[in-house]
Every structure is written in C-alpha cells, then in structure tokens.
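S.K.: structure of the sequence below:
(one chain, ligands or ions: 1)
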Amino acid sequence: MAIETSMISVGAALLLLLLLVVLFLSQRGPFMQKKYKTTKSVGAESGLWQHLYQFLNRASSPSLPGPTGHFLLGNMLEMTHDHLPIHLTNLAQRYGDIYRLKCGNTTMVVLSSSEVIKEALVKKWSDFAGRPISYTGDIVSGGGRNISLGDYTEEWRAHRRLVHSALQRCCQQSLHGVIERQAIQLKKALSDYQGRAVDLAEDFTVAASNVITTLAFGREYDKSSSELQQLHSCLNEIKLPNPVFARLLKEVTRRDEIIRQHLSNYKSQDKKNEDAITGALLQGIEKQHNTEHKELLTDVHIHMATVDLLIGGTETTAAWLNWTIAFLLHRPDVQTRVYEEMVTVLEERYPKYSDRHRLPVLCSLISEVLRLRPVAPLAVPHRAIRDSSIAGYFIPKNTVIIPNLFGAHHDPAVWSEPYSFKPERFLEGGGGSTRALVPFGGGARLCLGESVAKMELFLFTAYLLRDFQFLLPDDEASLPDLRGVASVVLKVKSYKVTARARPTATV
Ligand code: HEM
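M.R.: Residues are numbered from 1 along each chain as shown. Coordinates of the predicted model:
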C-alpha cells in the first residue's frame, strides 16, 4: 500500500514538472523567437527549445488519424487516384474530417468539413496563410511573385492588397456592363448554332476569358482569334504538377511573351482605357514609389497579377457554366422553374445583379452547382507558417493543408442526400444553408475574384436560361456523365447539347 502511494506521488510530481515545463516554454516562445534573430548561439539554444516545445505539444495532443503508409512511399499512392477529391472524401468517411497523409518528408493534413476548413482558413488564417514552396511552382509564378502561388510575405501582402483594390475599383465602375456584354455575345454565339447539337465548352471559355481580358487591358477576342487560341493553349499547358519540364519552361516563356506584349501595348496607347485593372495597378505602383516601400512592387507584379486573373478567372467560371447545363439536362424541371421565375418577376426585362434577391430559384440553382461541383475542389494547398492546431490536433510548422472543399460540400452530417442534385434544398424550408458552402475558400487566401465570379455566374446563367431551353440532342444522346474529370479545376466530361430559343428570346 505504502509503495503504491509513493508511486502515485512520484507520478504526480513528474506530471506537475511536465506541466511547469510546458507552461514555461509556452510563455517563453515569442521571447525565444526574438532572440533567435540576434545571436547564433542563442539561436541554436532556442531551436532546441522549439524542438522540445514541439515535442511536448505533439506528445500532449492526440495523433492525427490516417491510412498506414508504405515503406519509403508513405501515402504517396493515395494521391495518384484519378478523381482525387472523391478519393479524399471517401478517406474522410473512414478517418474523419481531419486526417493526415505522408508523402516523403511532407505531412499533409486533409480537411473535409466546412467547420474544420473555416477553423484553419478563417479563424486561424494567420497560421495557415502560406503556400508550399516547390521548384516548378517557382518557375510558373515568376519566382513566387504571383498571388496564387506566392508565399505569405510582406511583398505578397502588398501585392494582393494592390490587386484587390484595383479589382474593386473596376468592379464598381464597369464589371456589370462588361459581363452583360459578354452574356449577349454568348447568346449570339448560341443562336448562331441554330439548334444544332454542340459542345459549348469553348464558347464558355471565350466568354469568361473576355471578361478578364476586358477588365485587365480593355480587350476582347473573337473565338477564332489566333491570339486568343495561343493564350489559351499555353495557359492550359501550364498545369501543376507538370511532368514534362522542358515543355513547361517553353509554355511559361510563351505565356510571358504574350502578357508582356499586352502590357506594353496598353502602356503605349495614347487614350488608355481608364477602367482597366492594368491602369489601376500602374497607378498603385506609382503611388507606392512615394512611400517607404519604394521598390516592393514592380512591373513584374503587374505582369504576374494579369496571369493570376487570367488563370484564376477563365477555366473556373467556364467549367461552372458547363456543369450547370449538364445538371439541368438531368433535371429539366429545374430549368423550367428558373425560366418561369424570371419571366414572372422581371416580365420582359433582362436581370440585373441587383435582382438576385427577387430570384430565389435561380440563386438556389447557382448554390447547388457550387456545392456539388466546387470547381476548385481542393482549393490551392496551404502551408502552416507556424506551429498551430486544428480541431485540437497539433499541426507543426510547414505542414501542408489541403482544404477538401468537395468533401465539405458532400458532408453527410450537414447535407441530406449529399450526392443528389437538389437546388430546392436552398429554398425556404429546404434545410440547406449557403453558410455551409466554401467554394471560394476563405480568410487571407479567399478567392481574389469571388465578387467577379458571383456576378458572372448570376448574369451568364440568367441570360442563358431566359432565352434558351437546353435539351438533349434529338439522336437520343445519353445524359452527360456527372462524375467529372478532376485536376486543379474540376470539369465535366465533354457532352453535346441543343440550345432552343425561347419564344420570349430577343436574339
Ligand atoms: C466559379 C468561380 C470560381 C471559384 C469557385 C473559385 C475558387 C477559388 C478557390 C477555392 C481558390 C483557393 C482559395 C484558397 O487557397 O484557399 C481561389 C483562388 C484564387 N482565385 Fe478563384 N475562383 C473562381 C473564380 C475566380 C475568378 C473569376 C478570378 C479572377 C478574376 C479568380 C482569381 C483567383 C485568384 C487570383 C486566387 C488566388 C488567391 C490567393 O492565393 O490569395 N477566381 N479561387
């Protein structure tokens, strides 16, 4: 009995000591980091403390669940599945909405519910705002000087602020008109097909890309324009990870030549389009030259921002439009309801973005397609820039975070019949809430083009469904395959459709 009591008290004393060490270390953390910068020897000492601190944190936090890894490969094979978002979502059924995968030295943490995604990206945004650093990423992003792949630094923050305010200025001044014009062009392209069965993917890409090129440097292109074809072909080739390295280098050079040419054309115009983002960016850089951050941002940043907007803003919107028509072919009754709502509420008139609150059926369709097919299904990987935690699990610095938006949008704890296309879930009493949607990510890395995208999705869909009925081609073609092809952007497999003009159409 006496031995037992003394063992318990030794155990309690050790536990107390451990607690004191943890307390001491957590209070000294920032102090040690400060010292790390000043002297080498103290740096080594603080590195040691940091390791000890990490070790204790790791030891006191439960270990992350995840599949068993293979010798040397770890969980590398998990990443080679043809539809990674579906595979990672299936793994979440087994391991929960936060689990880890090991690939070589890199630990990845996959987040598959909107609750954990928001904890990391929004609540703890400053811990997880980094991007993984890679050699190919550096080549594609002009040495990390673009927004989407650049790491979280003072330069990056200034860059994103500059582009964000330039975009906001353009959105207020001209975005609505720019999208309306492209929606009318798109309607015209569709009516030129005169009811023939066609694949609309390219028309959607041209419309989305013209919104961005008009915003960026005041230019729009015809579908057949060789300049546009060139631009799209090199942007499509630059996909990460790209196995053919020499090809990647060639396409990046080609892309940079095209953008450089555009920017120099813009600069040499006597009468510049004052609404264009390029103008606002140039002015922003000029202003910065008179501040203490003189050389922080240069023309290279304008160049890379243009690339960001073109890449971020073309395939995403186009893929989303293509998904919408594919889903509507499966549920023609939804198409009819959206059309009837528009003609009842607006009568003859075409919708404005400000009409969205009066068109709940149309908005429910947009939300449901964003839910089922978030076009950037795994967002862009984040990196922990310091030790942190998610859902009570310790997450060490440099862990790669994969926000599985697709998984969050199919979470059975949040969505009833998560795999079914049911826009009505977002209507009153339908049980679905747009608050649980995260198609644009969140926090410091929230999609930069969110407001552009939302207006595009609304106006393009409204104009198309107001004037056309989308039908399966006469020759009993099968319904579009809704599984999709997943890369950075989740696309629908190519399919043909007939666009029949409505009697009320003005095309
Ligand atoms: C349906 C349309 C779109 C969707 C669903 C979408 C979604 C996303 C997502 C999920 C991210 C990653 C967020 C993260 O890392 O956590 C992102 C990033 C980004 N998007 Fe979009 N996007 C769309 C359209 C656009 C448009 C139209 C533009 C440009 C005008 C754009 C520009 C960007 C940029 C520049 C980033 C990188 C932001 C950063 O790293 O700070 N996107 N987008």
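S.K.: nearest residue to the middle of the chain?
M.R.: Residue closest to the average C-alpha location in the chain (Cα atoms, centre = their mean): residue 379, at 4.1 Å.
S.K.: contacting residues for that residue?
M.R.: 402-403, 405, 441, 445 (Cβ atoms under 8 Å, 6 or more residues apart in numbering). Yep, even glycine has a C-beta here, placed from its N, CA and C like the rest.
S.K.: pretty sure residue 499 is in a strand, no?
M.R.: Yes: applying DSSP: H, G, I helix; E, B strand; the rest coil, one finds residue 499 inside a strand.
S.K.: what about the helices in the stretch 301-450 of the chain?
M.R.: Along the stretch 301-450 of the chain, counting by DSSP state H, counting those that start in this stretch, helices occupy 332-346, 360-372, 405-408, 450-467.
S.K.: around the ligand, pick out the residues from the stretch 151-300 of the chain.
M.R.: Applying Cβ under 6 Å from any ligand atom, we find that the stretch 151-300 of the chain lies next to the ligand at 160, 212.
S.K.: and the residue of the stretch 201-350 of the chain nearest the ligand?
M.R.: residue 312 (2.6 Å; Cβ to the nearest ligand atom).
S.K.: and the nearest residue to that residue once chain neighbours are set aside, how far from residue 316?
M.R.: Closest residue to residue 312 apart from its sequence neighbours, by Cβ to Cβ, 6 or more residues apart in numbering: residue 449 at 5.5 Å. Residue 449 sits 8 Å away from residue 316 when distances are taken as Cβ to Cβ, to the nearest Å.
S.K.: skip the chain neighbours and tell me the closest residue to the residue in the stretch 1-150 of the chain that the ligand sits nearest to.
M.R.: Using Cβ to the nearest ligand atom, the closest approach of the stretch 1-150 of the chain to the ligand is made by residue 148 at 3.6 Å. In this structure, residue 148 finds its nearest non-sequential neighbour in residue 308, 5.4 Å apart by Cβ to Cβ, 6+ apart.
S.K.: can you get me a residue count around that neighbour?
M.R.: Residue 308 has 21 neighbours, counted by other Cβ atoms under 10 Å.
S.K.: try residue 118
M.R.: Neighbourhood size, residue 118 [other Cβ under 10 Å]: 20.
S.K.: for it, what are its contacts?
M.R.: 438, 442.
S.K.: in whatever helix or strand it lives in, what counts as buried?
M.R.: Residue 118 is part of helix 114-118 when elements are defined by DSSP states H and E. Buried residues in helix 114-118, defined by neighbour count with 16 or more other Cβ atoms under 10 Å: 114, 116-118.
S.K.: next one: stretch 429-443
M.R.: 432, 436-443.
S.K.: taking these one by one, which sit in strands?
M.R.: Taking DSSP state E, every one of the buried residues of stretch 429-443 sits outside strands.
S.K.: and residue 68, how far from residue 227?
M.R.: Distance, residue 68 to residue 227, by Cβ to Cβ: 52 Å.
S.K.: and those two? Which one has more around it.
M.R.: Taking neighbours as other Cβ under 10 Å, residue 68 and residue 227 compare with residue 227 leading, 14 against 7.
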